[in-house]
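A.B. asks: just to be clear, the model below is a prediction. Sequence and coordinates:
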Amino acid sequence: MLLAILHRDDRGDGYYRYRGTAKPDKAAVQAEKTRKLLRDSRQRISFNATSMRALSVRLNQQIAQALCDGMKVTRLAEAAELSRWAVRTVGLSSDDLLPSGTPADQHLTSIRQLKSELAELEESKTALEDRRLNLLAAARRRGVLDDYELAALSGLQRETIRKMTWGVQPQSGAIPA
């Protein structure tokens, strides 16, 4: 049942009929949802990158301390899944360390744990970037937002977005209805 209320028109003697609030435009609703999803995606990717940098610093410090405590480069390279050259470079960059007396097994356990945490963050980064790509492709295909607004919301350049989304078929439900 539609409630109709008659109101006096300010311009004259006529009346007009109030028919309730207008339904929001579907395109505007989709655009707003896309904006929110892209802002959230950008924030999560940024947080993930910050966490990865901090974890990488901790891993490098642990490797440098293990080298300072007399561990062999080859053994550290195997534990950290890095090249011997990378382990040597990390060791040479930290020349202000003193031996801590920590056992080798404890160093190796810490390095393996840090390495597995980094691998988990890398997996989540890949998932976040895939979700962002799917969202960008869906938004471009539907014409919900223009390339410049997509670039501003995602933190990527317009040309990068165009190249990334070229030929990508977005999954259904990328932008919730």
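C.D. replies: In hand now; what should we look at?
A.B. asks: residue 95 - how many residues pack around it?
C.D. replies: 8 (other C-beta atoms under 10 Å). C-betas here are computed from N, CA, C, even on glycine.
A.B. asks: A helix includes it, no?
C.D. replies: No. Residue 95 is assigned coil when assessed by DSSP: H, G, I helix; E, B strand; the rest coil, not a helix.
A.B. asks: low-confidence ranges in the protein?
C.D. replies: Within the chain, the segments meeting pLDDT under 70 span 1-19, 173-174, 176-177.
A.B. asks: make it 50
C.D. replies: Along the chain, segments meeting pLDDT under 50 span 1.
A.B. asks: what's the closest non-adjacent residue to the most centrally placed residue in the chain?
C.D. replies: Nearest to the mean C-alpha position of the chain, counting by C-alpha atoms, centre = their mean, stands residue 45 at 1.8 Å. Sequence neighbours aside, residue 128 is the residue nearest to residue 45 in space, at 5.2 Å (criterion: C-beta to C-beta, 6 or more residues apart in numbering).
A.B. asks: ok so the one you found is a helix residue?
C.D. replies: Yes. Assigned with three-state DSSP, residue 128 falls within a helix.
A.B. asks: helices and strands around the longest helix along the chain, which ones?
C.D. replies: The residue-count maximum for a helix in the chain (DSSP state H) belongs to helix 26-68. Counting contacts by 3 or more C-beta pairs under 8 Å, 6 or more residues apart in numbering; DSSP states H and E, helix 26-68 packs against helix 73-80, helix 84-93, helix 104-142, helix 147-154.
A.B. asks: re earlier: let me see the contact set for the residue nearest to the centre of the chain.
C.D. replies: 125, 128, 129, 132, 155 (C-beta atoms under 8 Å, 6 or more residues apart in numbering).
A.B. asks: can I get those in TSV with neighbour count?
C.D. replies: Listed next are the contacts of residue 45 as TSV, based on neighbours: other C-beta atoms under 10 Å:
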residue	neighbour count
125	16
128	19
129	14
132	22
155	15
